[in-house]
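Peer 1: Got a sequence here, can you build the structure:
(one chain, ligands or ions: 1)
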Amino acid sequence: MSDRPTHPESHGLLPISRLMPPRRPVLVATDVDGTLTRAGKLDPAALAAIVRLVGAGVAVVPVSGRPAGEVAGLCRYLPGVARGLAENGLLEVIPDRAPRWLRTPTDKARLRRVGERLDAEHAAGLRLTGDDFCRLGDIAYEREGRDEAELVRLRGLAEAMGVHLVWSNVHVHLAEAVPDKGVAVLQLAEEIGVDPRAIVTIGDAPNDAGLFVSGRFGATVGTADIAAQLAFVPEPPQYVTRSREGAGFVEMAEAILQML
Ligand SMILES: [Mg+2]
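Peer 2: The predicted model follows:
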C-alpha cells in the first residue's frame with residue numbers, strides 16, 4: 001500500500017499532532033483491518049505501539065467487523081489485550097469465555113436471503129466471506145474491490161428490503177440494526193467503570209462510524225484512509241493521521257504517549 005499524501009485540513013479534520021482529549025486517555029478502542037494492519041497483515045509497528053500503550057497504562061480494545069472467533073484469537077495473542085468487540089459491536093469476546101451478545105442476536109438466515117436476492121435480482125455478485133462459518137450474528141461478503149458507487153447502490157437496495165448495509169476496506173456487511181461499534185464501546189466502558197471522555201477511538205472506514213460520533217468519546221481519530229470515506233459516514237472523526245493503516249495507529253499512539 002502506498003502512503004499517498006493527504007490534506008486533512010481540507011476536510012475540516014484536525015491533525016493528530018493537535019490531539020487534546022478532555023481527560024487523560026486510559027483506553028483506546030481500535031478498529032483492526034486497515035487500522036492495525038498493513039496490506040492485510042498485522043503491522044509490527046502497530047503491535048509495538050500497542051505494547052507501549054499498555055505499558056503506559058492505556059488499555060487497548062480491538063473493535064472489529066471480524067467474527068467473534070477471530071477476535072478471540074487476536075485478543076489471546078496481542079500483548080496486554082484482554083478483550084475485544086467483534087462483528088461490528090454485536091459481541092464481546094474474552095478468550096476462554098463464551099462470546100457475549102451486546103445487542104439482539106440476528107437472524108442470519110434472513111440476512112442471507114437478502115444477500116441472495118441482491119444477487120438474483122440486482123446482479124450484486126456477492127461472495128460470502130471465507131470466515132462466514134465462524135460468524136455468530138453478522139453476514140459479510142468479500143468487498144472484492146467494489147467502489148463506493150456500487151456499495152451505495154447495494155446499500156439502497158438492502159435498505160428497501162429492511163436491512164442495513166455497511167462496508168469496511170475488506171468486507172460488505174448486512175445487519176438488522178445499524179452497526180454501531182461505538183454503542184458497544186460505551187456499554188463496555190460503563191461496565192468496567194471507564195469514563196468515555198478518557199477513551200480515544202480510531203478507525204478507517206464506514207463501519208467505524210459509531211466510533212466517530214461526537215460527544216461519545218474523549219477523542220475520535222481516523223487514519224488517513226478516512227479522508228476518502230467522509231461522504232459515507234454520518235460524522236467525521238475529530239482528528240486524522242497523516243499516514244494510512246497501521247502507521248496511522250502508530251501516530252495516534254505516539255500522540256497519546258506524549259501527553260501521559
Ligand atoms: Mg477497518
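Peer 1: residues in contact with the nearest residue to residue 255 once chain neighbours are set aside?
Peer 2: Spatially, and ignoring its direct neighbours in sequence, residue 255 is nearest to residue 19 (4.2 Å; CB to CB, 6 or more residues apart in numbering). For glycine as for every other residue, the C-beta is placed from the backbone atoms N, C-alpha and C. The contact partners of residue 19, taken as CB atoms under 8 Å, 6 or more residues apart in numbering, are 200, 219, 221, 239, 252, 255, 256, 259.
Peer 1: For the third one, grab phi and psi.
Peer 2: So that's residue 221. In this entry, residue 221 is assigned phi and psi values of phi -130, psi 140 (degrees, to the nearest 10).
Peer 1: what pairs with it across the strands?
Peer 2: For residue 221, the beta-bridge assignment (DSSP bridges) gives partners residue 202, residue 239.
Peer 1: mind checking pLDDT for it?
Peer 2: With respect to pLDDT, residue 221 scores 98.
Peer 1: Can you point out the buried residues in the helix or strand where residue 69 lies?
Peer 2: In this structure, residue 69 is located in helix 68-77 according to DSSP states H and E. Taking 16 or more other CB atoms under 10 Å as the basis for neighbour counts, the residues of helix 68-77 that come out buried are 68, 69, 70, 71, 72, 73, 74, 75.
Peer 1: how near is the last one to the ion?
Peer 2: Residue 75 sits 17 Å away from the ion, going by CB to the ion, to the nearest Å.
Peer 1: Helix, strand, or coil at the nearest residue to residue 89 once chain neighbours are set aside?
Peer 2: Closest residue to residue 89 in three dimensions, ignoring its sequence neighbours and counting by CB to CB, 6+ apart: residue 184, at 3.2 Å. Reducing the assignment at residue 184 to three states with DSSP: H, G, I helix; E, B strand; the rest coil gives helix.
Peer 1: Output the set of residues of the chain in proximity to the ion.
Peer 2: On the criterion CB under 5 Å from the ion, the ion has as its neighbours in the chain the residues 31, 33, 34, 168, 204, 205.
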